[in-house]
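Engineer: Compute the structure for the input listed below.
(2 chains)
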Amino acid sequence: MIPASFEYVEAASADAAIAALTEHGDEAKLLAGGHSLIPLMRFRLATPGVLVDIGRLDDLSYINDGGDHIAIGALTRHRALETSDMLAAEAPLLRHVASQVGDPQVRHRGTLGGSLAHGDPASDLPAALLAMGGSVVAKGPGGERVITADDFFTGFLETALGEDELLTEIRIPKAGGAGWSYQKFNRRAQDWAIVGAAVQLGANPGVALVNMGPAPMRAGGVEAAIASGSSAADAAAVAAAGTEPPVDLNGDEAYRAHLARVLVERGLIEAQT
Amino acid sequence: MEVQVTVNGQSHSADCEPRTLLVHFIREQLGLTGTNIGCDTSSCGACTVHIDGESVKSCTMFAAQARGADITTIEGLAADDGTLHPMQQAFMECHGLQCGYCTPGMVMAATSLLSENPSPTETEVREGLEGNLCRCTGYHNIVKSVLAAAGGES
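Structural biologist: Okay, here's the model as predicted:
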């Protein structure tokens, strides 16, 4: 399985990457760690005419204390997230979720920004971003803008990023010791979640679901139920409300709805203890 | 495009298309066929090599992305006089292989694991090798081999 031919452009800076995107329009795709894009290209589900390689922009790989939030460079690899002391203290849910992505080889190469920009509803990290109330910084020809996680994931493999925009930074509010849990259900260790649930309690409780619809999503009904003091079981009962889970060999809608309820309840209980 | 890499301590330079995957570059351009191609879908880990000391699936990386990198393949583990790397020796002594197809990838993943966690528990070894599949299902002795190489139980 050989990808279709493409023109390879190595970007020497974020601005050079944006200029290349502007020049090539929808023919161009950004290449970071490549662990979502290259498999798609090998199946020829993606056939970009131009690949803009941003993998060497080391200045976009960092985990910094931003005061009330943690600022993470888009090219920070999962391995750096899962071994970060700062994340252990300030954003432990993100650190743990990063350790659940793929396998060690994937985590050595894959990047946080790449995973989020791919917008796959079955991947782990978008759920963490949603549950933690995070946001991302998008840089384009006209400058930077901040997009909240709620506004970022717009559809199946679609995000609010413009075709000439580069995701440069991820901002995660400090968790302040809030209880958290990530529940991932799959049959084989390295697989995508059949269903997953990310939970963070505290002042602004967030509950997000993996693989329960075309885009990564929050479980708004569960969040409202927690806010009104419902028990974990009662809150989890509405976990699948408003979802459109995919149907595949792993399970149908009813099976996934059941999983969502069970995983959210487990997550809420673990986060409370 | 011209791709220059250091593989097993030797500098190599070769011309290839941008779409050339690193595993094909290693096998076909450099002639190092110890790195196997298994699933072709980033699942099985047979193509695992080290890039700057870390395990990577070379089927999920373009050769272009590796330009300038320091790569180690299974051929680079043993000493120049043929003395096996302790991990290779442990796989031999613990019979950590059956058909042998997954073995180069297993050994490369296992050496990367021990460089990050020199004294893993059995659970940590199993989790550390979750990116590598053995279709003979010979995991028991593979885990035993890695623990032996780490100096634990054998």
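Engineer: Just want the residue of the stretch 51-200 of chain A that's nearest chain B.
Structural biologist: The minimum distance from the stretch 51-200 of chain A to chain B, using Cβ to the nearest Cβ, falls at A:Asp103 (2.8 Å). To be clear about C-beta, it is placed using only N, CA and C from the backbone, and glycine gets the same treatment.
Engineer: Could you check how many residues crowd around that residue?
Structural biologist: 23 (other Cβ atoms under 10 Å in any protein chain shown).
Engineer: Contacts only, for it.
Structural biologist: By Cβ atoms under 8 Å, 6 or more residues apart in numbering or on different chains, A:Asp103 lies in contact with A:Ala189, A:Gln190, B:Gly45, B:Glu130, B:Gly131, B:Asn132.
Engineer: and the residue nearest to A:Met217 when sequence neighbours are not counted, what is it in contact with?
Structural biologist: Spatial nearest neighbour of A:Met217, chain neighbours left out: A:Leu209 (5.5 Å); criterion: Cβ to Cβ, 6 or more residues apart in numbering or on different chains. Going by Cβ under 8 Å, 6+ apart, A:Leu209 touches A:Ala127, A:Val195, A:Gly196, A:Ala197, A:Pro216, A:Met217, A:Arg218, A:Ala219, A:Ala239, A:Thr243, A:Ala260, A:Val264.
Engineer: Any chance of JSON lines for those residues, columns pLDDT, neighbour count and secondary structure?
Structural biologist: Formatted as JSON lines, those follow (pLDDT from 0 to 100; neighbours: other Cβ atoms under 10 Å in any protein chain shown; DSSP: H, G, I helix; E, B strand; the rest coil):
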{"residue": "A:Ala127", "pLDDT": "98", "neighbour count": "33", "secondary structure": "helix"}
{"residue": "A:Val195", "pLDDT": "98", "neighbour count": "30", "secondary structure": "strand"}
{"residue": "A:Gly196", "pLDDT": "98", "neighbour count": "27", "secondary structure": "strand"}
{"residue": "A:Ala197", "pLDDT": "98", "neighbour count": "31", "secondary structure": "strand"}
{"residue": "A:Pro216", "pLDDT": "98", "neighbour count": "28", "secondary structure": "coil"}
{"residue": "A:Met217", "pLDDT": "97", "neighbour count": "21", "secondary structure": "strand"}
{"residue": "A:Arg218", "pLDDT": "97", "neighbour count": "19", "secondary structure": "strand"}
{"residue": "A:Ala219", "pLDDT": "98", "neighbour count": "30", "secondary structure": "coil"}
{"residue": "A:Ala239", "pLDDT": "98", "neighbour count": "28", "secondary structure": "coil"}
{"residue": "A:Thr243", "pLDDT": "97", "neighbour count": "19", "secondary structure": "coil"}
{"residue": "A:Ala260", "pLDDT": "98", "neighbour count": "28", "secondary structure": "helix"}
{"residue": "A:Val264", "pLDDT": "98", "neighbour count": "29", "secondary structure": "helix"}
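Engineer: any idea which of these is closest to B:Met87?
Structural biologist: A:Gly196 (33.8 Å; Cβ to Cβ).
Engineer: Who does that closest one form a beta bridge with?
Structural biologist: Beta-bridge pairing for A:Gly196 (DSSP bridges): A:Lys184, A:Val210.
Engineer: Give me the below-cutoff pLDDT ranges for chain A.
Structural biologist: Within chain A, no range satisfies pLDDT under 70.
Engineer: One more: chain B?
Structural biologist: B:152-154.
Engineer: three-state assignment of the residue of it at minimum distance from chain A?
Structural biologist: As assessed by Cβ to the nearest Cβ, chain A sits closest to B:Gly131 within chain B, at 2.8 Å. Of the three states, B:Gly131 takes coil under DSSP: H, G, I helix; E, B strand; the rest coil.
Engineer: my guess is it contacts B:Met108, does it?
Structural biologist: No. Counting by Cβ atoms under 8 Å, B:Gly131 stays clear of B:Met108, with 10.7 Å between them.
Engineer: of these two, who's got more company?
Structural biologist: B:Met108 (29 against 24).
Engineer: Quick one: residues contacting B:Met1.
Structural biologist: Counting by Cβ under 8 Å, 6+ apart, B:Met1 has contacts A:Tyr8, B:Asp15, B:Cys16, B:Glu17, B:Pro18, B:Ala64.
Engineer: Pull out the buried residues from the contacts of A:Asp103.
Structural biologist: Taking 16 or more other Cβ atoms under 10 Å in any protein chain shown as the criterion, what is buried in those is A:Gln190, B:Gly45, B:Glu130, B:Gly131, B:Asn132.
Engineer: so what's the first one closest to, chain neighbours aside?
Structural biologist: Distance criterion Cβ to Cβ, 6+ apart; nearest residue to A:Gln190, sequence neighbours excluded, is A:Asp103 at 4.4 Å.
Engineer: and that neighbour, how far is that from A:Arg188?
Structural biologist: 10 Å (Cβ to Cβ, to the nearest Å).
Engineer: same question, A:Ala17
Structural biologist: A:Ala17 is 35 Å from A:Arg188, by Cβ to Cβ.
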